[in-house]
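Novice: Next input, structure requested:
(chains A, B and C)
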Amino acid sequence: MGREKDAKEDEKAKHKATKLKRLSDSERAGAGGDNIKKSPNPTKATENMDKRKSHKKVKTPKMENVESSSSISESVKQELQDDAFTAKKKGVKRKRIKDDPKEGTSDSANSPTLKKKKKQRHLEEEGDGVAQTKTSKKRTQKMVKKEEEEQAVSKKSKKTKEEIEEARQLKIKKKEEEEQNRWRWWEEEKYEDGVKWKFLEHKGPYFPPEYQPLPDNVHFYYNGKKVKLSLAAEEVAVFFAQMLDHEYTTKKVFRENFFKDWRKEMTHEERSLIQDLDKCDFGEIHAMHKAKTEARKNMSKEEKQALKEANQKIVDEYGYCLLDHHKERIGNFKIEPPGLFRGRGEHPKQGMLKKRIQPEDVIINCSKECRIPAPPAGHHWKEVRHDNTVTWLVSWTENIQGSNKYIMLNANSKLKGEKDWEKYEVARKLKSRVDDIRYQYLQDLKSKQMVTRQRAVALYFIDKVFKSLKLFLENKQPGDELFDRLNTSVLNKHLSSLMPGLTAKVFRTYNASITLQQQLKELTNKSDNVAEKLLSYNRANRAVAILCNHQRAPPKTFEQSMANLQAKIDARKEQLALAKTELKQAKKEAKTKGSSDPKLQALVERKKAAVKRCEEQLLKLEVQATDREENKQIALGTSKLNYLDPRISVAWCKNMEVPIEKIYNKTQREKFAWAIDMTEADFEF
DNA sequence: GGGGGAACTTAGCAGCAATTAT
DNA sequence: ATAATTGCTGCTAAGTTCCCCC
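Specialist: Residues are numbered from 1 along each chain as shown, chains lettered A, B, ... in the order given. Prediction:
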């Protein structure tokens, strides 16, 4: 489905070098965490903290040397959470305060006390450090156990007991380690305005492999004749050949764009020879590609394993950076490989050549005093800058739209997480203001001022008709005189006057999150079983997805998989019927042959249990079927990941005693670690 | 005041890996 | 053990917001 929008035709102007404030980074590794300030009054801070979170474990993460190569060896221990933090944007200091009254932040209006302590690692051996570590261990173990129990039934029936136990221990250990190493940035003080980091070191981007020329037995033909292409032209020909199975190689625009760009890569001779794409025969190249794919699929276990390990090595080397003494995962550390551009919808630039990026195109951003990433041998970077007001590590300009591409951190990083948290805090603020704002714009609809009226209509649309929002915001269409007195900047100014930080998308976040919360309240019963609760959760999630218009085309295999599921249900029903008859039989026997016979009694019990198990499984399947059917055309992922305050879900899980793993997978749990850690059952959005 | 660019978020899909069925 | 199915991850296009410059 999706956004079939005509992309802008016009080529964007060459981008100019940005004049960025080059804030010098004040930190050097080894300085031992100067960014962690000492609390002026640790005792008091502790008291405040305890008042609020006495029931929570305050763990002191043990920081191993994050990376042996790193110059950072000192570990920093932080504890105590700050319940208020500030965020500043557009020069206005915005205070973000955890203002939930139920969390007892009566002191939120007071200036936040510094609650940071720097400790030497050896202190960990003492007192509270040990206790806390233990508590967290217990917590981890419990969580793992839960998971284990679920899997134990279905899975490993073959493995020996020792193996199972071993795997279990390993899992616990791994989880514990992860927990230990997790940077609990949400318990730290925010940086001053605009500063994103104080120390940043990384390896630079990972470049895609060089082009491998075709083997001698694979040929390209033009007009029936073998033509040996130059390396550059050949590479682009291969891009096209690889896509031959795809529908878009038949599209006129795609073909024309491709051919035009391909010819640019050709030598003079090639260009004068190859004038017509229809006379090109990529058959052998295509066949080779298919064979390669097939071969990859049929690789032996060992080969696959080796490949996996090689990839892991690359991830280990390039996939992480060091940001303010913490090892953080990078989201996309690979430079985008060259290929043929495929925009979404009927994109006018589809088929154009997306060029190979060279180190000379790449800007590196890192600390001044770190090891600067080395460019590939014989190359140099376009630029190395040290701008700690931005979050990217690497950037380059892409040749199709002329826009910038960035390498940034993973969603589980501090930089992303903090921003996410802030987003939801702004949306929560809107909650208390939304009634006023709605009342106001409804009044404004009757205003004598044209501008005001238009603004009111626009606001209404932003609030209620999500889909058209963008359509109305950019008045591009010829007939689109609707908002002739209004533009985005006027509207945004108005929005931020209504509430600091308010922009159009805040409404979306707010509406989504508040809907989830309401729906969850409405749909779930504490007495339901887990499967039913999850159905309710998904339904609530679905309500949001529908609201946000996150539609998808029904999966191609939908009908089939639905039928399969139905077959399973039928099978289970039969099984249940059988189990019931057996139970009756057993009961009867027990009655007639003497109820004192313990063997028969045991049999009855066993049959009873079997019936119960069958019933449960049947219910689970039926619930699953309902869920899937309802989900046919709805994509839940986007709202779950981007619009729903995770704290709502976490609180719900706690209230309903549903393990968090049931609603968030590993990646999601990492992304929302801050919410999972800080949220209590009584959280209200 | 509006055009455009930089930076960052949102979005959906393809392909692969994990899981489950046969 | 293999095949089928499902679920996740990586990828990257596209959208939003802010801010600067003319």
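
Novice: if I pick residue A:274, what's in contact with it?
Specialist: A:222, A:227, A:263, A:266, A:280 (C-beta atoms under 8 Å, 6 or more residues apart in numbering). Bear in mind the C-beta positions are built from the backbone N, C-alpha and C, glycine included.

Novice: Could you work out the most separated pair of these?
Specialist: A:227 and A:263 (13.7 Å; C-beta to C-beta).

Novice: Of the contacts of residue A:274, just the buried ones, ChimeraX syntax please.
Specialist: Applying 16 or more other C-beta atoms under 10 Å to the contacts of residue A:274 leaves a buried subset, and the ChimeraX line that selects it is:
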select /A:222,227,266,280
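
Novice: Can you verify my assumption that residue A:416 contacts residue A:410?
Specialist: Yes: in this structure, residue A:416 is within contact of residue A:410 by C-beta atoms under 8 Å, at 7.0 Å.

Novice: Looking at those two, which has the bigger crowd around it?
Specialist: residue A:410 (20 against 17; other C-beta atoms under 10 Å).

Novice: how much space between that one and DNA strand C?
Specialist: Summarising the geometry, the distance separating residue A:410 from DNA strand C, computed by C-beta to the nearest atom of the strand, to the nearest Å, is 8 Å.

Novice: is it true that that residue touches residue A:327?
Specialist: No: with contacts defined as C-beta under 8 Å, residue A:410 does not count as touching residue A:327, sitting 11.2 Å away.

Novice: What are the structural domain limits within chain A?
Specialist: Per automatic domain parsing, the domain ranges recorded for chain A read A:42-190, A:414-511, A:517-678.

Novice: is stretch A:280-292 up against DNA strand B anywhere?
Specialist: No: Stretch A:280-292 is not in contact with DNA strand B by C-beta under 7 Å from any atom of the strand; minimum separation 10.2 Å.

Novice: intersection of neighbour lists for residue A:416 and residue A:410?
Specialist: Residues touching both residue A:416 and residue A:410 comprise residue A:331, with contact defined as C-beta under 8 Å, 6+ apart.

Novice: can you list the weak-confidence ranges in the stretch 101-250 of chain A?
Specialist: Along the stretch 101-250 of chain A, segments meeting pLDDT under 70 span A:101-171.

Novice: And for the stretch 301-450 of chain A?
Specialist: In the predicted model, the stretch 301-450 of chain A carries no residue with pLDDT under 70.

Novice: what do you get if the cut-off is 80, keeping everything else the same?
Specialist: When residues are selected by pLDDT under 80, those of the stretch 301-450 of chain A lie in A:445, A:447, A:449-450.

Novice: what do you get for the stretch 551-685 of chain A?
Specialist: A:551-557, A:560, A:593-598, A:600.

Novice: how about the residues of it near DNA strand C?
Specialist: A:557, A:560, A:561, A:564, A:565, A:637, A:665, A:666, A:667.

Novice: Among those residues, which one has the most neighbours?
Specialist: Top of these by neighbour number is residue A:565, holding 16 neighbours under the definition other C-beta under 10 Å.

Novice: can you confirm it is in a helix?
Specialist: Yes: following the definition DSSP: H, G, I helix; E, B strand; the rest coil, residue A:565 is counted among the residues of a helix.

Novice: Touching, it and residue A:629? I think so.
Specialist: No: proximity of residue A:565 to residue A:629 does not meet the contact threshold set by C-beta under 8 Å, at 9.2 Å.

Novice: for the helix or strand where residue A:573 lies, which positions count as buried?
Specialist: With elements taken from DSSP states H and E, the one containing residue A:573 is helix A:558-592. Taking 16+ other C-beta under 10 Å as the basis for neighbour counts, the residues of helix A:558-592 that come out buried are A:562, A:565, A:569, A:572, A:575, A:576, A:579, A:583, A:586, A:587, A:590.

Novice: What is it packed up against?
Specialist: Helix A:558-592 is packed against helix A:598-630, with contacts defined by 3 or more C-beta pairs under 8 Å, 6 or more residues apart in numbering; DSSP states H and E.

Novice: tell me the centre residue of chain A?
Specialist: Centre of chain A computed as the mean C-alpha position; nearest residue by C-alpha atoms, centre = their mean is residue A:411, 5.4 Å away.

Novice: Contact partners for the closest residue to it other than its chain neighbours?
Specialist: Among residues not flanking residue A:411 along the chain, residue A:671 sits closest, at 4.3 Å (C-beta to C-beta, 6 or more residues apart in numbering). With contact taken as C-beta under 8 Å, 6+ apart, residue A:671 is in contact with A:411, A:412, A:416, A:417, A:420, A:641, A:646.

Novice: Buried residues of the helix or strand containing residue A:456, list them for me.
Specialist: For residue A:456, the enclosing helix or strand under DSSP H and E is helix A:450-464. Buried residues in helix A:450-464, counting neighbours by 16+ other C-beta under 10 Å, are found at A:452, A:453, A:454, A:455, A:456, A:457, A:458, A:459, A:461, A:462, A:463.

Novice: now stretch A:297-314
Specialist: For stretch A:297-314, it's none, nothing buried (16+ other C-beta under 10 Å).

Novice: Do that stretch and DNA strand B come into contact?
Specialist: Yes: under the criterion of C-beta under 7 Å from any atom of the strand, DNA strand B is reached by stretch A:297-314 at residue A:308.

Novice: Same check on stretch A:544-558?
Specialist: Yes: looking at stretch A:544-558 against DNA strand B by C-beta under 7 Å from any atom of the strand, the contacts come from A:548, A:550, A:551, A:552, A:553.

Novice: how about stretch A:186-201 against DNA strand B, any contact?
Specialist: Yes: using C-beta under 7 Å from any atom of the strand, stretch A:186-201 comes into contact with DNA strand B via residue A:196.

Novice: Restrict that stretch to CA atoms and write it as PDB.
Specialist: These are the backbone C-alpha positions of stretch A:186-201, laid out as PDB (Å, rounded to 0.1, in the frame of the first residue of the first chain):
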ATOM      1  CA  TRP A 186      17.900   7.400  31.900                       C
ATOM      2  CA  GLU A 187      19.200   7.700  35.400                       C
ATOM      3  CA  GLU A 188      21.700  10.300  34.400                       C
ATOM      4  CA  GLU A 189      21.600  14.000  34.100                       C
ATOM      5  CA  LYS A 190      20.900  15.400  30.700                       C
ATOM      6  CA  TYR A 191      23.600  17.400  28.900                       C
ATOM      7  CA  GLU A 192      23.400  21.100  28.400                       C
ATOM      8  CA  ASP A 193      21.500  22.300  25.400                       C
ATOM      9  CA  GLY A 194      22.400  21.000  22.000                       C
ATOM     10  CA  VAL A 195      25.300  18.900  23.200                       C
ATOM     11  CA  LYS A 196      24.800  15.300  22.100                       C
ATOM     12  CA  TRP A 197      28.000  13.800  23.300                       C
ATOM     13  CA  LYS A 198      31.300  14.600  24.800                       C
ATOM     14  CA  PHE A 199      33.400  11.800  23.500                       C
ATOM     15  CA  LEU A 200      32.800   9.800  20.400                       C
ATOM     16  CA  GLU A 201      35.100   7.300  18.800                       C
END
